[in-house]
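A.B. asks: Compute the structure for the input listed below.
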Amino acid sequence: MSRRVGVLRFPGTNCDRDVWQAVEMAGDRPEWLWHADRFDAAAYDALYLPGGFSYGDYLRSGALAARAPAMRSVREAADRGVPVLGVCNGFQILTEARLLPGALVKNQSLRFNDDWVELEMKNPVPHFAGPVGPGARVRLPVAHADGRYYVEDDELKRLQDNGQIWFTYVKNPNGSVADIAGVKSEKGNVAALMPHPERAMRNWMGGSDGFAFFKGRG
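C.D. replies: Reported below is the predicted structural model:
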């Protein structure tokens, strides 16, 4: 049965159409959700926060978007157990909204990174990338300047102890603490990663490993 999936749009979001098409390719029904509007938190089976440069990355990447009216509905949905996935800027927004731990800061190189990377699954998120098991590796593209994941040592230990590290980089492209590429919430229904699965849906795109991220449980 297809799911009703909300795709959020903020001023500066530029991967929304890619995510929309990925959701359709996976057999689900996407609907646009505008940053300035509240929505029924119980009306959707999943929510996606795509990548881009929300509000031009002013203040900090994701900082203004995290305070948009729609994010209050996202929080309500997350509290109800609705699966929420953030990609790249969506990851930044979810950390700024404190729906996920940590922060995304400038790449160690201080340069924009546009490349393909290999990731290793650490702890599964059945709602997203369900067919990918622990220890499996996937190849996805990255495109970010503020992609270096940072947490203090005590918070890193909590993430490790709670199994909240979702994916790590096999070869760290940005200096992220403990090679972290993606994390999840304590409840496990909110997750995010910096690489772009929606840009790796078919082999002609350079790889098809991203398709599994939109299929949920295997």
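A.B. asks: Can you show me the helices along this protein?
C.D. replies: For the chain, helices defined by DSSP state H occupy the ranges 16-25, 69-79, 89-96, 153-162.
A.B. asks: Just give the number of residues close to Asp114.
C.D. replies: Using other C-beta atoms under 10 Å, Asp114 has 11 neighbouring residues. Every C-beta, even on glycine, is put in place using the N, C-alpha and C of the backbone.
A.B. asks: That one and Ala145 touch, don't they?
C.D. replies: No - using C-beta atoms under 8 Å as the test, Asp114 is too far from Ala145 to be in contact (9.7 Å).
A.B. asks: on that earlier part again, now the helices of the chain in TSV, with distance to Val138?
C.D. replies: As requested, these are arranged in TSV below (distance: least, C-beta to C-beta, whole Å):
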stretch	distance to Val138
helix 16-25	14
helix 69-79	25
helix 89-96	16
helix 153-162	20
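A.B. asks: nearest to Gly206, of these?
C.D. replies: Gly206 lies closest, by C-beta to C-beta, to one member of the helices of the chain: helix 16-25, at 13.3 Å.
A.B. asks: Show me what the closest one is packed up against.
C.D. replies: In terms of contact count using 3 or more C-beta pairs under 8 Å, 6 or more residues apart in numbering; DSSP states H and E, helix 16-25 is assigned the packing partners strand 4-9, strand 29-34.
A.B. asks: which residues of the chain fall in strands?
C.D. replies: Counting by DSSP state E, the segments of the chain that form strands are 4-9, 29-34, 46-49, 84-87, 103-105, 113-121, 137-144, 148-150, 165-169, 180-184, 190-193.
A.B. asks: export the ones you listed to JSON lines and tack on mean pLDDT and distance to Met71?
C.D. replies: What follows is the strands of the chain, written out as JSON lines (pLDDT from 0 to 100; distance: least, C-beta to C-beta, whole Å):
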{"stretch": "strand 4-9", "mean pLDDT": "98", "distance to Met71": "8"}
{"stretch": "strand 29-34", "mean pLDDT": "98", "distance to Met71": "10"}
{"stretch": "strand 46-49", "mean pLDDT": "98", "distance to Met71": "9"}
{"stretch": "strand 84-87", "mean pLDDT": "98", "distance to Met71": "11"}
{"stretch": "strand 103-105", "mean pLDDT": "98", "distance to Met71": "16"}
{"stretch": "strand 113-121", "mean pLDDT": "97", "distance to Met71": "26"}
{"stretch": "strand 137-144", "mean pLDDT": "98", "distance to Met71": "20"}
{"stretch": "strand 148-150", "mean pLDDT": "98", "distance to Met71": "20"}
{"stretch": "strand 165-169", "mean pLDDT": "98", "distance to Met71": "21"}
{"stretch": "strand 180-184", "mean pLDDT": "98", "distance to Met71": "18"}
{"stretch": "strand 190-193", "mean pLDDT": "98", "distance to Met71": "12"}
